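**Student:** My questions are about this predicted structure, shown below with the sequence.
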Amino acid sequence: MILEDYKESLNEELLHYGIKGQKKGERHYQTYDGKYTDEGKIRYGRIKPKRVFISGSSKTQDAESGYYRKELPKQIQKQIKQIIDKNKTILVGDAPGIDRQVQDFINSMGYKNVEVYGPGEKVRYSANEQWKTNPVNAPEFEENSPEWLRAKDIAMTDRATEGLAVVLDENGAKATRNNVERLKSQNKKVKVFQINKTGRDKWVKHSEEDDAELMHSGIIGMRWGVRRYQNADGSLTPLGRVHYGRQLKKWKRKGYLDEDGSLNLKGYHKLSKKDEKWAAKNHDKIYKQAMKESAKEMKAYRNDVLNKKYSEQIRTGRVGLTYVNDYNKKLAEVLNQKVSDVKTPNLNKTISFIAKRGELGAYMAVSDAGYDLSQYKNGIYRGGRVAYRKNTVNAIPAYNKK
């Protein structure tokens with residue numbers, strides 16, 4: 001083509017390269033009168049984009065957990081429909097349970113404004129190939145460790161403007177509850193829906209804004225807004241770097257870990273003893289705080305249940321040890337609810353209370369997570385003998401405290 005022909009072609013044709021799929025006469029960001037479309041308002045900062053972080057337990061797809069739900073609860077479906085109607089971006093994970101049920105429901109609605117997050121270099125599940133995927137890799141942590149998995153939750157928390165969480169009763173779904181706390185620490189509203197084993201699922205409310213409140217009992221001495229291991233942005237504090245890094249090196253140096261990094265028998269026994277010493281040292285603080293929080297409930301139980309059950313014995317002045325033993329059983333049950341979030345510092349063991357037998361009160365014990373304490377439901381005598389059983393126990397920290 002000679003120069004004159006080229007100049008003439010410029011007057012006849014203007015080539016335009018725009019957004020893929022855009023058609024003539026369609027505008028993404030402005031209407032013909034110059035006003036901004038909804039996308040334009042977001043693009044040019046006229047309104048801030050709304051992003052909802054939806055999280056929940058994996059047990060809703062576990063048929064043996066007691067929390068199994070064939071489909072997403074109707075209340076959550078309704079809430080997601082409202083989010084879709086407002087064209088908010090939905091941030092969701094890739095884990096089994098609520099994450100996948102939410103994804104499948106959104107996909108059935110044909111909604112595209114979704115971002116899927118997962119740990120590692122590739123998300124594990126995305127219900128729609130057109131959705132944006134955001135793998136969050138944290139190579140500084142061991143793969144599949146709690147810290148490695150938590151990285152994606154922190155990323156979604158930081159990106160979100162609000163949250164929707166599905167937790168379990170009895171303080172279940174702790175990772176989800178941590179997401180709620182992180183959102184609230186950044187002054188972001190979060191709605192919490194609780195799934196119960198009884199089937200009576202419900203919203204958790206505490207204000208007219210339908211915001212949610214979770215009461216958290218953590219490390220003794222912890223104060224609101226003070227973090228030991230993580231900053232508000234998810235980065236580790238100096239103590240956190242020690243906790244998640246140097247501590248493991250120390251354990252390896254002392255021979256507590258096998259070559260594959262797993263805790264060996266020597267390490268378990270050594271760290272168990274340290275945890276027991278910690279529990280004995282903090283016995284009074286834990287016990288007094290739990291008793292203080294339980295006082296109102298135990299008073300009501302004594303007046304409304306025990307005094308009616310043993311009214312004849314009380315009238316005749318012949319109240320026996322059966323009254324005390326029944327009181328202790330209830331006391332241990334209530335105390336365990338109050339300390340369900342208190343764990344030992346090394347092996348994350350559970351702090352529990354076991355009813356005394358033949359005298360008023362409850363013993364404090366340390367046990368591995370999931371250990372069956374129901375075998376001690378009838379109480380333990382001062383000498384250590386388990387009620388209605390021949391065996392004895394002697395490994396309860398602060399056992400000899402009166």
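**Tutor:** Yep, it's here. Everything numeric in this text was worked out from a predicted model, so none of it was measured.
**Student:** Helix, strand, or coil at Arg100?
**Tutor:** Under the three-state scheme (DSSP: H, G, I helix; E, B strand; the rest coil), Arg100 adopts helix.
**Student:** which residues does it contact?
**Tutor:** Gln61, Asp94, Tyr125, Ala127 (C-beta atoms under 8 Å, 6 or more residues apart in numbering). Where C-beta positions appear, they are placed from N, C-alpha and C, glycine not excepted.
**Student:** could you dump those residues to a markdown table with distance to Ser311 and pLDDT?
**Tutor:** Shown next, in a markdown table, are the contacts of Arg100 (distance: C-beta to C-beta, whole Å; pLDDT from 0 to 100):
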| residue | distance to Ser311 | pLDDT |
| --- | --- | --- |
| Gln61 | 49 | 82 |
| Asp94 | 58 | 93 |
| Tyr125 | 59 | 93 |
| Ala127 | 60 | 93 |
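**Student:** who wins for neighbours among the residues you listed?
**Tutor:** Asp94 (22 neighbours; other C-beta atoms under 10 Å).
**Student:** which residue packs closest to that residue, ignoring adjacent ones?
**Tutor:** Leaving aside its sequence neighbours, Asp94 sits nearest to Gly118 (C-beta to C-beta, 6 or more residues apart in numbering; 3.9 Å).
**Student:** Burial check on that neighbour, number of neighbours?
**Tutor:** 22.
**Student:** from what I can see it touches Ala138, true?
**Tutor:** No. Taking contacts as C-beta atoms under 8 Å, Gly118 lies outside contact range of Ala138: 11.7 Å.
**Student:** picking that back up, now the contacts of Arg100 as a markdown table including secondary structure?
**Tutor:** Formatted as a markdown table, the contacts of Arg100 follow (three-state DSSP):
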| residue | secondary structure |
| --- | --- |
| Gln61 | helix |
| Asp94 | coil |
| Tyr125 | coil |
| Ala127 | coil |
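**Student:** Contacts only, for Asn107.
**Tutor:** Here Asn107 is in contact with Ala127, Asn128 (C-beta under 8 Å, 6+ apart).
**Student:** so which of the contacts of Arg100 comes closest to Ala279?
**Tutor:** Using C-beta to C-beta, Gln61 is the member of the contacts of Arg100 that lies nearest Ala279, at 35.6 Å.
**Student:** ok, back up a step: which of the contacts of Arg100 sits closest to Glu293?
**Tutor:** Lowest distance from Glu293 to the contacts of Arg100 (C-beta to C-beta) belongs to Gln61, with 34.0 Å.
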